[in-house]
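Colleague: Give me a model of this one.
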Amino acid sequence: MSVRSICLALLLLPVSFPVLAGPAAGPACYSPAALAAKPGEEIVRPRAGGPINLPDMAAPSLPPVPAALRGSIRRVELPPGEKLVALTFDLCEASSEISGYDGALVDYLRAENVAATFFAGGKWLMSHAERGDQLTADHTFEMGNHTWSHANLTVRTGDAMRRQVDDADVALALRRTEVKAKGCMLPGAPAQAQGGATGGAALFRFPYGSCSAESLNYVNDTGHLAIQWDVDSGDPAFIGAKGMADDMLRSIRPGSIVLMHANGRGKHTGEALKILIPALRAKGYRFATVSQLLAAGRPVIADTCYSLKPGDTRVYDDAARTGKRILPVQ
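Modeller: Okay, here's the model as predicted:
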């Protein structure tokens, strides 16, 4: 069977929402030493060398998202008494850089057996292939699409916009193929969700929280749930661990989806988690992947994209149009 056939088969397997449980931390085929953080790998560096090439293969095909789930998913309304929260971490990598990997943050999530969802750029998955395999193989985590190179899909249009979505899907499929070839633990396609009559759907996150009607429709038409957030950690800024944790604790409510970063762009994110996670547990919260959270209640959906209020991503849209860089390579 060809690589293309294997990749497509893996993404099209019937799947169901994962059950909230307490599995052992870390994927079975990796030693603790292989999983552990390595000094310096969190650093973001300028990119050198030629283009990163993908195999010549079509993006996986999924049915369009049902009408009831189309749009920008902000959070989930839960039944009374349910206290679930989804911690999500972006793994973005722009075309001019090689982003990092916050291994210490991931080590802490595994040590505390905290479910989480990672939205990975396709380019990041190719330049961090081993780390991408480890995250894909870990049954505590799930993976979603965060475009190929963190392009602003309000400004990027037409085929260039579609390639940002499709190429990241191909990179995710390649990582699953690699994990399966290694014989690692792979509990169904972790980047996909299925529940009730909704049908299969992959997870997708718009960079900068920004989308156009064209890109939002394309994402939904190609079988992706657009997962945004209702709590922004602000971790690219130098807020400090305690200030960031306190802000998140004030904002999180049952059914929240929290935005953070694990690509070296998050400042003090790992330290903030060591405050946030015990505090949320003390309040009775449990941690869920986005798919688990969706399975537990009713998603709250907007018809457009934004960070915390409509129109607040305009600064990123204007920067993309003029070529200005909001987050310089550090």
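Colleague: quick one: the strands in the stretch 51-200 of the chain?
Modeller: 72-77, 84-91, 97-98, 116-120, 141-145, 192-193 (DSSP state E, counting those that start in this stretch).
Colleague: Next, format these as JSON lines and append mean pLDDT, distance to residue 164 and mean neighbour count.
Modeller: All C-beta atoms are positioned from the backbone trio N, CA, C, and that covers glycine. Formatted as JSON lines, the strands of the stretch 51-200 of the chain follow (pLDDT from 0 to 100; distance: least, C-beta to C-beta, whole Å; neighbours: other C-beta atoms under 10 Å):
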{"stretch": "strand 72-77", "mean pLDDT": "98", "distance to residue 164": "17", "mean neighbour count": "22"}
{"stretch": "strand 84-91", "mean pLDDT": "98", "distance to residue 164": "15", "mean neighbour count": "26"}
{"stretch": "strand 97-98", "mean pLDDT": "94", "distance to residue 164": "16", "mean neighbour count": "23"}
{"stretch": "strand 116-120", "mean pLDDT": "98", "distance to residue 164": "13", "mean neighbour count": "27"}
{"stretch": "strand 141-145", "mean pLDDT": "96", "distance to residue 164": "9", "mean neighbour count": "26"}
{"stretch": "strand 192-193", "mean pLDDT": "40", "distance to residue 164": "19", "mean neighbour count": "28"}
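Colleague: Switch the ones you listed over to a markdown table; also include distance to residue 264.
Modeller: Output for the strands of the stretch 51-200 of the chain, formatted as a markdown table (distance: least, C-beta to C-beta, whole Å):
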| stretch | distance to residue 264 |
| --- | --- |
| strand 72-77 | 26 |
| strand 84-91 | 10 |
| strand 97-98 | 10 |
| strand 116-120 | 14 |
| strand 141-145 | 18 |
| strand 192-193 | 27 |
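Colleague: Residue 132 versus residue 224, what's the distance?
Modeller: 19 Å (C-beta to C-beta, to the nearest Å).
Colleague: re earlier: any idea which of the strands of the stretch 51-200 of the chain gets closest to residue 51?
Modeller: Nearest of those to residue 51, taken as C-beta to C-beta: strand 97-98 at 13.1 Å.
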